[in-house]
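A.B. asks: Got a predicted structure here, sequence first:
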Amino acid sequence: MVIIVKQTAIPFMQLRGGSSKGVYFLASDLPSTELSRNQVLLDVIGRDTRQIDGLGGGDPLTSKVAIVSQSKLVDADIDFLFVQIVVGENRVDTTPNCGNLLAGVGAFAIEAQLITATHPQTRVAVNMLNTNKRCELILDTPDGEINYEGNQKIDGVSGSSAPIICNYLDVAGSVCGSLFPTGNLKDQVEGITVTCVDNGMPVVVIRAEDLGISGYERPKDLNTNEALKEKLERIRLAISPKMNISNAKNKAVPKMCIISPAKQGGIINTRTFIPHHCHAAIGVLGAVSIATACISKGSVAQTYVTQNVSSNQPISVEHPSGEFAVNLDFNDYGDKLEVKGAGVIRTARLLSKGTLFVPNNSNQ
Ligand code: NQM
């Protein structure tokens, strides 16, 4: 007798969102309880370091999930929950947001017929469930069809695609409750001066020279520098309670950004640990937070800034694979900085669409 035990089938799409890649689901296609949902997502992406039994790629930038549903809010079309599958640790983290996967949720919502595209562009108002903040996406949709092709290039991705304008509305203090969550522009931790900022993503900003490195090293060299990584983790765990982040050991925030003077005409150069692995580029909201530190008088970043920055002008943040332009909408009152929003351009592309399978006992 042959007993066939089938697996559980789930509709999905996979999209590149900005310089990351993720598996996108309708919330209604996943278990409704958080515990069961997380078990299923671990099987979807993979539980081990290489994620060999799942769709992830063994890298934090490809170990991501987007869960999307119609929003009940009057000021949002869709709700988006971002889930980071922590590579090799068999657990998920929903504390941070992800501006890269966010770039793909408009396309996903149109593909999944959650919203109807209009000619020539479609505006999608997104409620970001991780942080309860809003973002407006503007997509290229000629004749009411999503268009993936275009001339927009973004560093960290080969080729070019149609642009997606992402306007973040008031993301200051998204995770920590305030723009400078320790209440200071500079703090001393482990003998090092840092700036802690949360303009959409909690980031600890540190000068490379204070860590005894140049800040221009390749990510793969930084990733094998165990002494540096241990030092960064000590700083991260010591400062995070002051940023209103509890239990940071099990969270993907705060991120750690090592800065040095810009070399390619940008405002600053960066190497960002997310938080234990050096990013090949920089995260979207990570870049927004760094740009904010650069315009904040008294931050460790400002000592490297030689440019005058105006509201709604591109601020170029350099990173290992190029640069990331951030437009900040702000008022500088001299003694106080008010950041009202941030605009970035991303691209996204549908990679696959269909049915994936998880083991039948996955949600237990
Ligand atoms: O900061 C990496 C990424 C991200 C997150 C990370 C992101 C953001 O490149 O908004 O996009 O910081 O973990 O996808």
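C.D. replies: Structure's in. What do you need?
A.B. asks: domain assignment for this structure?
C.D. replies: As assigned by automatic domain parsing, the chain contains the domains 9-163+348-358, 187-329.
A.B. asks: what packs against the helix or strand hosting Gln188?
C.D. replies: Assigned by DSSP states H and E, Gln188 belongs to strand 187-189. On a contact count with 3 or more CB pairs under 8 Å, 6 or more residues apart in numbering; DSSP states H and E, strand 187-189 meets strand 192-198, helix 226-239. Placement of C-beta: from N, CA and C, glycine included.
A.B. asks: Any regions of the stretch 101-250 of the chain where pLDDT drops low?
C.D. replies: Along the stretch 101-250 of the chain, no part satisfies pLDDT under 70.
A.B. asks: What about the closest residue to the ligand within the chain, how many residues nearby?
C.D. replies: Nearest residue of the chain to the ligand: Gly283, at 2.3 Å (CB to the nearest ligand atom). Neighbour count for Gly283, taken as other CB atoms under 10 Å: 29.
A.B. asks: With Glu209 instead?
C.D. replies: For Glu209, using other CB under 10 Å, the count is 13.
A.B. asks: quick one: secondary structure of it?
C.D. replies: When states are read from DSSP: H, G, I helix; E, B strand; the rest coil, the local structure at Glu209 comes out as helix.
A.B. asks: Quick check: it touching Ser260?
C.D. replies: Yes - if you go by CB atoms under 8 Å, Glu209 and Ser260 touch, sitting 7.4 Å apart.
A.B. asks: Report the set of residues contacting both of those two.
C.D. replies: Residues touching both Glu209 and Ser260 by CB atoms under 8 Å, 6 or more residues apart in numbering: Gly215.
A.B. asks: where along the stretch 201-350 of the chain do the helices fall?
C.D. replies: 219-223, 226-239, 284-294 (DSSP state H, counting those that start in this stretch).
A.B. asks: thought Phe108 was touching Tyr24?
C.D. replies: Yes - Phe108 is in contact with Tyr24 according to CB under 8 Å; the separation is 4.5 Å.
A.B. asks: which bits of the stretch 101-250 of the chain sit near the ligand?
C.D. replies: Met201 (CB under 6 Å from any ligand atom).
A.B. asks: Apply 8 Å and report the result again.
C.D. replies: Listed as neighbours of the ligand in the stretch 101-250 of the chain under the rule CB under 8 Å from any ligand atom: Leu101, Leu102, Gly200, Met201.
A.B. asks: I'd like the residues you listed as JSON lines, with distance to Pro163 and neighbour count appended.
C.D. replies: Converted to JSON lines, those look like this (distance: CB to CB, whole Å; neighbours: other CB atoms under 10 Å):
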{"residue": "Leu101", "distance to Pro163": "17", "neighbour count": "28"}
{"residue": "Leu102", "distance to Pro163": "15", "neighbour count": "28"}
{"residue": "Gly200", "distance to Pro163": "20", "neighbour count": "30"}
{"residue": "Met201", "distance to Pro163": "22", "neighbour count": "30"}
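A.B. asks: mind listing the strands for the stretch 101-250 of the chain?
C.D. replies: Here the stretch 101-250 of the chain has its strands, by DSSP state E, counting those that start in this stretch, at 121-128, 133-140, 164-169, 187-189, 192-198, 202-207.
A.B. asks: Quick check: which of the ones you listed is nearest to Gly18?
C.D. replies: Smallest distance to Gly18 across these (CB to CB): 8.5 Å, for strand 164-169.
A.B. asks: Quick check: phi and psi on Gly215?
C.D. replies: phi 90, psi 0 (degrees, to the nearest 10).
A.B. asks: tally of neighbours for Tyr333?
C.D. replies: Tyr333, neighbours per other CB under 10 Å, totals 8.
A.B. asks: gap between it and Val171?
C.D. replies: Separation of Tyr333 from Val171 (CB to CB, to the nearest Å): 19 Å.
A.B. asks: what's the answer for Ile154, then?
C.D. replies: The spacing between Ile154 and Val171, counted by CB to CB, is 20 Å.
A.B. asks: ok, those two, which is more surrounded?
C.D. replies: Legend: neighbour count by other CB under 10 Å for Ile154 and Val171, higher for Val171 (27 against 24).
A.B. asks: Give the full set of residues in contact with the residue nearest to the more buried one when sequence neighbours are not counted.
C.D. replies: Nearest residue to Val171, sequence neighbours excluded (CB to CB, 6 or more residues apart in numbering): Gly200, at 3.7 Å. Neighbour list for Gly200: 97, 99, 131, 133, 168, 171-172, 174, 284-285, 288-289, 342 [criterion: CB under 8 Å, 6+ apart].
A.B. asks: what's near enough to touch Gln307?
C.D. replies: Ile267.
A.B. asks: swap in Ser321?
C.D. replies: Counted by CB under 8 Å, 6+ apart, Ser321 has contacts Ser19, Asp155, Gly156, Ala280, Ala281.
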